[in-house]
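1. have a look; sequence and predicted model below, questions after that.
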Amino acid sequence: MIKRVLCFSNPAYLKLKLQQIVIEIPEVVYGKGVPDNLRQEGVRTIPIEDVGVVILDHKQITITQALMAALLENNCAIITTNDQHLPVGLQLPLDGNHLQNERFREQLDASEPLKKQMWQQTVISKILGQAIVLEGQGIEHKNMLAWAKSVRSGDVENLEGRAAAYYWRNVFHNPNFIRGQEGDPPNNLLNYGYAIVRAMVARALVAAGLLPTLGIHHHNKYNAYCLADDIMEPYRPFVDLLVIDMMKKYEDISQITTEMKRDLLMLPYEDVMIDGKRSPMMIAIQTTANSVYKCFSGEARKIIYPDW
């Protein structure tokens, strides 16, 4: 079942009642002189079981501990943003699968050769996705296809990095573009979109009984989501495609507007071809996460990524 993504960009009071998220708009519910019939319109409810990701994108949002606990118990990811409305925090449940202890052990016992093969598959899929993006822009991409075919176990030649350097110099028709968290637009749109995908991937990995901390390639003692950062790589091109469309749609992308957020929040519902079927991205990511577990358990040797 595909879950909803809720983004709160205005002052709100969020609480729990009968397994429902109760959303109150303070200025409507508690404002002076507001007619009673209008006060009722300032309150709405949403079943917790329908929600997969919650984005808290305003300083004047209050959320109760009871609601936060209930969201996490229902395997919901909670994202918080900073003053620039860019995601800075991610909360996930500690227990997302009843076989978690067994699956943690299988993940911890995974051999280095297995993890290198899994990273090889990940890099190939990512580069192929980037090649498709370039092709859609009418940009030379045969070198990308050649690099994808040449990736070896563990990507010892760092073809991912070589492909990325070429990709970012060309994808926006701006050879001076530098991809980074603090860079010029459209970095802001990319960061927002990637954060949504990262939350979906991390949530799916937890639901599959895996530790999102233990990566197959990324290793950083300050990063709690190394595995999520590994597995999300082939899904980044979907964000890039959306951002390209948004750059054509909006004249000014220096600040992320409500309309832009609305576009980015459609990512979980973006159609993805995976395992020979068309699925919303959120469902596709669950397929990928489950296949990652099967690789760790020995049931499979291949991660199921989008069909490029």
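-> Perfect, I can see it now. Residues are numbered from 1 along each chain as shown.
2. residues touching the closest residue to T81 other than its chain neighbours, list them.
-> Counting by C-beta to C-beta, 6 or more residues apart in numbering, T81 lies nearest to D57, which is 4.6 Å off, once chain neighbours are set aside. For glycine as for every other residue, the C-beta is placed from the backbone atoms N, C-alpha and C. Contacts were defined as C-beta atoms under 8 Å, 6 or more residues apart in numbering; by that measure D57 touches 7-9, 81, 85, 261.
3. any low-confidence regions in this structure?
-> Residue ranges of the chain with pLDDT under 70: 34, 96-98.
4. sort out for me which of the contacts of D57 are in strands.
-> With DSSP state E as the criterion, strands contain 7-8, 81 from among the contacts of D57.
5. list just the nearest of these to S291.
-> C7 (29.0 Å; C-beta to C-beta).
6. which single one of the ones in strands among the contacts of D57 is nearest to L99?
-> Nearest to L99 among those is C7, at 32.4 Å by C-beta to C-beta.
7. who does that closest one bridge with?
-> Here C7 sits in beta bridges with I55, going by DSSP bridges.
8. residue contacts, it?
-> So C7 contacts 54-55, 57, 261, 265 (C-beta under 8 Å, 6+ apart).
9. how about G193?
-> 239, 242-243, 264, 267.
10. quickly check the residues you listed for the two that are furthest apart.
-> Taking C-beta to C-beta as the measure, the contacts of G193 span a maximum distance of 10.4 Å, between V243 and L267.
11. can I see the domain layout of this structure?
-> According to automatic domain parsing, the chain is divided into the following domains: 4-74, 100-297.
12. how about a markdown table for those, with distance to I304 added?
-> Shown next, in a markdown table, are these (distance: least, C-beta to C-beta, whole Å):
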| stretch | distance to I304 |
| --- | --- |
| domain 4-74 | 20 |
| domain 100-297 | 4 |
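13. closest one to P93 among these?
-> It's domain 4-74; of the domains of the chain, that one is closest to P93 (C-beta to C-beta) at 4.4 Å.
14. which parts of the stretch 51-200 of the chain are helices?
-> Taking DSSP state H, counting those that start in this stretch, the helices of the stretch 51-200 of the chain run over residues 65-73, 100-108, 112-136, 142-150, 159-170, 187-207.
15. quick one, which of the ones you listed is nearest to S297?
-> helix 100-108 (5.0 Å).
16. about what we covered before: check the domains of the chain for me and report the most buried one.
-> domain 100-297 (a mean of 18; mean count of other C-beta atoms under 10 Å).
17. quick check: end-to-end length of it?
-> One end of domain 100-297 to the other measures 12 Å (C-alpha to C-alpha, to the nearest Å).
18. ok, now stretch 172-188?
-> Distance between the two ends of stretch 172-188: 14 Å, counting by C-alpha to C-alpha.
19. can you give me the offset of it from its chain's centre?
-> Distance of stretch 172-188 from its chain centroid, counting by C-alpha atoms, centre = their mean, to the nearest Å, is 19 Å.
20. do stretch 74-94 as well
-> Computed by C-alpha atoms, centre = their mean, the chain-centroid distance of stretch 74-94 equals 11 Å.
21. list the helices and strands the strand or helix carrying M273 packs on?
-> Using DSSP states H and E, M273 maps to strand 271-274. Judged by 3 or more C-beta pairs under 8 Å, 6 or more residues apart in numbering; DSSP states H and E, strand 271-274 is in contact with strand 277-280, helix 281-297.
22. and for the shortest one, what's in contact with it?
-> So the one you mean is strand 277-280. Residues contacting strand 277-280 (C-beta under 8 Å, 6+ apart): 2, 268-272, 287.
23. thinking again about what came up before, looking at the ones in strands among the contacts of D57, which is nearest R152?
-> Closest approach to R152 among these (C-beta to C-beta): T81, at 39.1 Å.
24. for the residue nearest the centre of the chain, give me its contacts.
-> The centre of the chain sits closest to V197, judged by C-alpha atoms, centre = their mean, with a distance of 1.2 Å. The contact partners of V197, by C-beta under 8 Å, 6+ apart, come to 232, 235-236, 238-239, 267, 281, 285.
25. again, but for I55
-> Contacts of I55 by C-beta under 8 Å, 6+ apart are 5-8, 79-81, 87, 196, 265.
26. repeat that for L265.
-> Going by C-beta under 8 Å, 6+ apart, L265 touches 5, 7, 55, 196.
27. and the second one, how far is that from K249?
-> Taking C-beta to C-beta, to the nearest Å as the criterion, C7 is separated from K249 by 19 Å.
28. next: S9.
-> 19 Å.
29. T287 too?
-> Distance of T287 to K249, computed by C-beta to C-beta: 30 Å.
30. which residues does stretch 118-137 contact?
-> Stretch 118-137 is contacted by residues 140-141, 144-145, 147-148, 151-155, 159-160, 163-164, 167, 170-171, 173, 216-217, 230-231, 233-238, 240-241, 244, 292, 295, 302-303, 305-306, 308 when judged by C-beta under 8 Å, 6+ apart.
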